[in-house]
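Chemist: show me the folded form of this:
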Amino acid sequence: MSPIPIEQKTKGIEVRFRYLFAVLLFVSLQSSAQQMSTLPDFTFYTLQDNTFTKFQIPKGRISLFMFFDVTCYHCQKAMQAFNAHYREFRKINLFFVSLDTKKGIEDFMMQYGKDLFCQPNALVLMDLNYSFMPKFQAEAYPSFYVFSAANKLISHTEGEVGSQEILSLAKNNFDILRGSN
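Modeler: Residues are numbered from 1 along each chain as shown. The predicted structure is shown next:
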């Protein structure tokens with residue numbers, strides 16, 4: 001038996017490596033393409049630098065998360081809509097999450113969400129670990145996520161959302177979820 005030339009050996013290894021890479025890439029894409037169906041684990045930070053996790057969310061209420069950027073025009077408009085109608089959201093946990101600096105977030109809230117800033121059901125959070133986008137699968141600013149009291153994803157919207165859509169996020173989902181787990 002004659003020895004296999006080195007070029008033939010490396011070509012076989014290269015083909016197997018490409019095949020393995022293609023399989024791993026396919027599996028990776030499949031798992032990332034799966035839709036989020038429940039509230040993921042997270043650690044965000046309050047503006048007072050305290051950690052906040054999903055286990056600290058008040059029980060028995062639906063929760064609405066808004067992922068925003070302080071320079072985003074659509075985020076500014078959405079926050080103004082929340083601010084103008086904050087009374088209609090009083091029975092919903094509101095979480096506003098941003099990657100921006102504490103100062104930037106505070107300035108944003110004072111300009112666009114001043115009335116929301118001090119509400120007991122509203123909490124502004126900083127994503128210092130840059131984990132919101134991969135965990136919530138956010139692809140645009142602003143992103144809105146509504147979860148049931150049992151932390152099941154009910155609604156997800158991204159991009160420009162008008163004042164009426166903001167209200168329907170609260171009203172429609174509150175009516176639907178009022179008695180659900």
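Chemist: so who does the closest residue to T51 other than its chain neighbours touch?
Modeler: In this structure, T51 finds its nearest non-sequential neighbour in T43, 5.5 Å apart by C-beta to C-beta, 6 or more residues apart in numbering. In this view, the C-beta of every residue, glycine as well, is placed from N, C-alpha and C. T43 makes contact with 51-53, 129, 131 under the criterion C-beta atoms under 8 Å, 6 or more residues apart in numbering.
Chemist: and the residues you listed, which are buried?
Modeler: Of the members of the contacts of T43, the ones counted as buried by neighbours, 16 or more other C-beta atoms under 10 Å, are 52, 131.
Chemist: where's the residue nearest in space to the middle of the chain relative to K54, distance?
Modeler: By C-alpha atoms, centre = their mean, the chain has its centre lying nearest to F136, at 3.9 Å. Note on F136: its distance to K54, by C-beta to C-beta, to the nearest Å, is 11 Å.
Chemist: which of the contacts of T43 sits closest to M66?
Modeler: Each of the contacts of T43 was checked against M66 using C-beta to C-beta; the closest is F52, at 14.9 Å.
Chemist: and the spatially closest residue to the closest one that is not a sequence neighbour, how many neighbours?
Modeler: Of all residues not flanking F52 in the chain, F44 sits nearest, at 5.0 Å (C-beta to C-beta, 6+ apart). F44: 23 surrounding residues under other C-beta atoms under 10 Å.
Chemist: could you do the one 10 residues further on as well?
Modeler: A total of 16 residues lie near K54 under the criterion other C-beta under 10 Å.
Chemist: show me the contacts for it.
Modeler: By C-beta under 8 Å, 6+ apart, the contact set of K54 is 39-42, 151.
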